[in-house]
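Novice: okay, predicted coordinates and the sequence, questions at the end:
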Amino acid sequence: MMSVGLMEPQFDESDGELIRRFVNALWVEEGLSENTQKAYCSDLSLFAAWLTRTHKKTLWQVGASEIEGYLALKFRQKASERTSARLLSSLRKFYLFAAREGSVEKDPTVSIEAPRIGRPLPKTLTEKDVEALLEAPNTDEPLGCRDRVMLEILYATGLRVSELVGLTLGQLNLRQGVVRVVGKGSKDRLVPIGEEAEDWMNRYLARARPAILRGRRSDDVFVTDRGSGMTRQAFWYIIKRYALLAGIRKPLSPHTLRHAFATHLLNHGADLRVVQLLLGHSDLSSTQIYTHVAQERLKDLHARCHPRG
């Protein structure tokens, strides 16, 4: 448990005691880190000090109007939507606690709406970038062949990196050209891999994988030269290395290829619900962000190619 040191300027000691009890209760109930406790303490201490200075009120005397006034002040001070949302979240938790223990009669945050936070667009690659990345490994070497297959499968299926490195031989059905993926919540889905990735997988299983294993046995599809299964961390370094070889300077991770898979499907006319099924999203809202990416590409294409763009 953190010893809460409350921030200057000063405010009513009853406020300080209430903040201490709140942060300690959160530590007991949720096991918050010391940094998170400090963040709550900072938000509440600054709000309490503003209340004392501006309204001569304590935290337990506050109403919705004072909270809205403080949020408006932060907006005028150029606080981001995300910062404002975090501050309101701190206040909501605090007043829920205060109402539960009887320090306030009514939660003043109930009627206050949180600011809408736009979801950041996922970073993705152009189709030319993807082609350069796929061509980067030296496929004459067993490990290079393995790396090419991993990149091909990742782009062809949109798998999460944990799903990719966790693939077992029993999940492959190359006769039908699909992989059976065990995703979040232990939900299975069948994902087609396409002819190009299937061809590379057959080459890898026939020659490169046995050369890497050197007589050792493994149920993992993708293995290292030690005979163990590939890890997420190892593959992260692999994809970074090939990005440099391919001349790709933008930030890149295995998840970037998953974004490219979804975006390129939509750019070529795929239905959003089909992309949802392939990605393994339980909720369509998780997939809809990719439509924004595709729309931005269409706007750019229109601006560059239309005579009145």
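Specialist: Yep, it's here.
Novice: which residues of this protein score low on pLDDT?
Specialist: Scanning the chain for pLDDT under 70 picks out the ranges 1-12, 32, 81, 114-123, 183-186, 281-304, 306, 308-309.
Novice: run the last query once more with 90
Specialist: With pLDDT under 90 as the threshold, the chain has low-confidence stretches at 1-49, 51-126, 157-162, 181-191, 194, 232-233, 249-309.
Novice: quick one: what helix or strand has the nearest residue to Phe47 once chain neighbours are set aside in it?
Specialist: Excluding its sequence neighbours, the residue lying closest to Phe47 (C-beta to C-beta, 6 or more residues apart in numbering) is Tyr70, at 5.9 Å. (Each C-beta comes from the backbone N, C-alpha and C, glycine too.) Using DSSP states H and E, the secondary-structure element containing Tyr70 is helix 64-76.
Novice: which residues does the helix or strand immediately after that helix in the chain contact?
Specialist: The element immediately downstream of helix 64-76 (helix or strand, assigned by DSSP H and E) is helix 81-100. Residues lying outside helix 81-100 but in contact with it, judged by C-beta atoms under 8 Å, 6 or more residues apart in numbering, are 18-19, 21-22, 25-26, 39-40, 43-44, 47, 59-60, 67, 71, 74-75, 79, 104-109, 112, 114-118.
Novice: picking that back up, other SSEs contacting the helix holding Tyr70?
Specialist: Contact here means 3 or more C-beta pairs under 8 Å, 6 or more residues apart in numbering; DSSP states H and E; on that basis helix 64-76 packs against helix 34-55, helix 81-100.
Novice: what comes up buried for that helix?
Specialist: Residues 66-68, 70-71, 74 are the ones in helix 64-76 that count as buried (16 or more other C-beta atoms under 10 Å).
Novice: with stretch 31-47 instead?
Specialist: 32, 37-38, 40-41, 43-47.
Novice: please point out which parts of the helix or strand encompassing His259 sit buried.
Specialist: His259 is located in helix 254-267, with elements delineated by DSSP H and E. The neighbour-count criterion (16+ other C-beta under 10 Å) identifies 254-266 as the buried residues of helix 254-267.
Novice: follow-up on the earlier one: closest one of the buried residues of stretch 31-47 to Asp140?
Specialist: Sorting those by distance to Asp140 puts Leu32 at the head of the list, at 52.6 Å, by C-beta to C-beta.
Novice: backbone dihedrals for Arg189, please?
Specialist: Geometry field for Arg189 lists phi and psi as phi -150, psi 150, criterion degrees, to the nearest 10.
Novice: tell me the contacts of it?
Specialist: With contacts taken as C-beta under 8 Å, 6+ apart, Arg189 has the following neighbours: 180-181, 183, 277-278, 280.
Novice: possible to save the residues you listed as JSON lines with secondary structure and distance to Leu244?
Specialist: Output for these, formatted as JSON lines (DSSP: H, G, I helix; E, B strand; the rest coil; distance: C-beta to C-beta, whole Å):
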{"residue": "Arg180", "secondary structure": "strand", "distance to Leu244": "34"}
{"residue": "Val181", "secondary structure": "strand", "distance to Leu244": "29"}
{"residue": "Gly183", "secondary structure": "coil", "distance to Leu244": "30"}
{"residue": "Leu277", "secondary structure": "helix", "distance to Leu244": "34"}
{"residue": "Leu278", "secondary structure": "helix", "distance to Leu244": "29"}
{"residue": "Gly280", "secondary structure": "coil", "distance to Leu244": "30"}
